[in-house]
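Q: could you work out the structure for the sequence below:
(chains A and B)
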2 protein chains.
Amino acid sequence: MEIPVKINHIAIAVTDLEGSLFFWKDALGLEVEKTEEVGAEKAIVSFLNIGSCKIELVQSTDPESGLGKYLEKKGPGIHHICVEVENIEMMVKQLKDKGIQLINEIPREKKDGRRYVFIHPESTQGVLVELYQ
Amino acid sequence: MEIPVKINHIAIAVTDLEGSLFFWKDALGLEVEKTEEVGAEKAIVSFLNIGSCKIELVQSTDPESGLGKYLEKKGPGIHHICVEVENIEMMVKQLKDKGIQLINEIPREKKDGRRYVFIHPESTQGVLVELYQ
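A: Just a heads-up that it's a prediction; the model follows:
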C-alpha cells in the first residue's frame, strides 16, 4: 500500500495578500521563500516555510478564474491540503480501487516538474486534497 | 523573534467519522495513532500520522457544543491549523505586540500537559489558528 510522505503544503485563499503576510510573516515569524505570479492559475502566491511543510497564500488576479469565483462565493480561508506521495500513479490507482473520485486522474505537471492530481471533495466530506509527487 | 517549529496538526470537522476514516486510513493509507472521546470538547477524535504532523478528525458528540453548532452552520471541512511553538508565552506576546487578537491569551492546558491558545480569525482573514506548546 502507498503511504503519503508528508503534508507538502496548506493552501490558503486570501483577498488581501499583504494583510495576510503581515500575520504569517511579520507577526507569526514564518520565513517567506518566494512570492510569484502563477499565470496558469491567475494567482499571486507567497510560499512560507514551516518545519518541513509550507503555507501557500494564494490571491486571485482574475475574478473570473476558478479561485476568483471561489473567493467571491466562500470568502478567504483554507483552500486545500496538499499531501506528498512517492508514486502518484500508484496512489491514484489505490484511491480509485477504493472508489474515491478524483477531479483529474491523469497527473498535471507544474513548471518545476512536480506532478499533481486533485481528489474530489465528494469523497472526502468536503476537504479538497491535492496529491503531489 | 519566536519562529514556529512546525505544523502540529490540521483539524478537520466531520459528521461521519467512519466515512472520513475510510478515506484517510483505508484509501489514502495513513496510520491511525488513536481514536478517543474528548469529554471536555464533547467530541470523538481520530489522530492520524502524516510525516511529522497529524490529521485530526473531530466529530461532535453534542449538537449544542461549539463544534456541534459549527458543523450545523458550515458543514464538515477543515476546522483549524495548529502551529507548534517552543515558547507559547513569548509567541503570545509577539502576536499581541503586532496587534493580533487572540481568543484566549492565557494558555489552556490539555490532559497531557500541552498548552494552547487560539488566534482570532479576525486577525488571520478567516483562518482559525491554534498555537501549541
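Q: only C-alpha atoms for contact and neighbour calcs from this point on.
A: Will do.
Q: which SSE is immediately downstream of the host helix or strand of A:Leu57?
A: Using DSSP states H and E, A:Leu57 sits within strand A:53-60. For strand A:53-60, the following helix or strand on the C-terminal side (DSSP H and E) is helix A:66-74.
Q: right, is the strand holding A:Leu57 up against chain B?
A: Yes: using CA under 8 Å from any CA of the partner chain, strand A:53-60 reaches chain B at A:Cys53.
Q: who in chain A is up against chain B?
A: Counting by CA under 8 Å from any CA, the residues of chain A near chain B are A:1-7, A:14, A:20, A:23, A:26-30, A:50-53, A:76-78, A:91, A:94-95, A:98, A:100, A:123-127.
Q: which of these are buried, as a ChimeraX select command?
A: Buried residues among the residues of chain A next to chain B (16 or more other CA atoms under 10 Å in any protein chain shown), as a ChimeraX selection:
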select /A:2,3,4,5,6,7,14,20,23,26,27,28,29,30,50,51,53,76,77,78,91,94,95,100,123,124,125,126,127
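Q: A:Glu86 is in contact with A:Val5, isn't it?
A: Yes: contact criterion CA atoms under 8 Å: A:Glu86 and A:Val5 qualify, at 6.9 Å.
Q: tell me the mean pLDDT over the strand holding A:Leu57?
A: On average, the pLDDT along strand A:53-60 is 97.
Q: show me what that strand is in contact with.
A: A:6-17, A:20, A:42-49, A:67-68, B:6-7 (CA atoms under 8 Å, 6 or more residues apart in numbering or on different chains).
Q: please apply the same query to stretch A:85-101.
A: A:1-6, A:102, A:105, A:107, A:115-116, A:119-120, A:122-123, A:131-133, B:23, B:26-28.
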